[in-house]
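Q: Fold the following.
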Amino acid sequence: MLALIVSFLFAVLQTFLLKKLMAAITAQDKKTSIRLFFIKFILYGVVIALFMFKFMKYATYCLCGFAAGMPLTAISLFIYYSFIKRN
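A: The predicted structure is shown next:
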């Protein structure tokens, strides 16, 4: 169960970082874009290492947590920015 929660939270974090990265790219902010890209890259490396050494026997839970976290966060962000936060 811990593997599911960790991978779910990781997917949420990656979705938020992706949103920030896309905003930096569209604003043509090169420093922020490169920094966010490397943060995402390093986080993926750390989590893959954690998965290989700690959660390998719980691969199904990790996959389910990530597969649930990414779309749920993306849909939540879409609803928030489309209907709730209007600039």
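
Q: Could you measure from the residue positioned nearest the centre of the chain over to Leu4?
A: Here the mean C-alpha position of the chain is nearest to the C-alpha of Gln14 (Cα atoms, centre = their mean), at a distance of 1.4 Å. Gln14 sits 16 Å away from Leu4, taking Cβ to Cβ, to the nearest Å as the criterion. (Each C-beta comes from the backbone N, C-alpha and C, glycine too.)

Q: ok so, going back, where does the residue nearest to the centre of the chain fall, secondary structure wise?
A: Applying DSSP states H and E as the criterion places Gln14 in helix 2-26.

Q: Just after that helix, pick out the following helix or strand.
A: Using DSSP H and E, the helix or strand that follows helix 2-26 in sequence is helix 30-53.

Q: contacts for the helix or strand that that following helix is followed by?
A: As assigned by DSSP H and E, the chain's next helix or strand after helix 30-53 is helix 59-79. With Cβ atoms under 8 Å, 6 or more residues apart in numbering as the test, helix 59-79 has contacts from 1, 3-12, 14-16, 19, 51, 55.

Q: rewinding a little: other SSEs contacting the helix holding Gln14?
A: If you count contacts as 3 or more Cβ pairs under 8 Å, 6 or more residues apart in numbering; DSSP states H and E, helix 2-26 packs onto helix 30-53, helix 59-79.

Q: relative orientation of the first one and helix 59-79 in degrees?
A: Put plainly, it is helix 30-53. Relative orientation of helix 30-53 versus helix 59-79 (axes from the mean of the first three to the mean of the last three Cα atoms, to 10 degrees): 150 degrees.

Q: quick one: helix 30-53 to chain centroid distance?
A: Centroid separation for helix 30-53 versus its chain: 10 Å, with Cα atoms, centre = their mean, to the nearest Å.

Q: got the angle between it and helix 2-26?
A: 160 degrees.

Q: average pLDDT for helix 30-53?
A: Taken as a whole, helix 30-53 carries a mean pLDDT of 91.

Q: can you count the residues close to the closest residue to Phe37 other than its chain neighbours?
A: Among residues not flanking Phe37 along the chain, Leu21 sits closest, at 6.4 Å (Cβ to Cβ, 6 or more residues apart in numbering). Around Leu21 there are 19 other residues, counting by other Cβ atoms under 10 Å.

Q: Lovely, talk soon.
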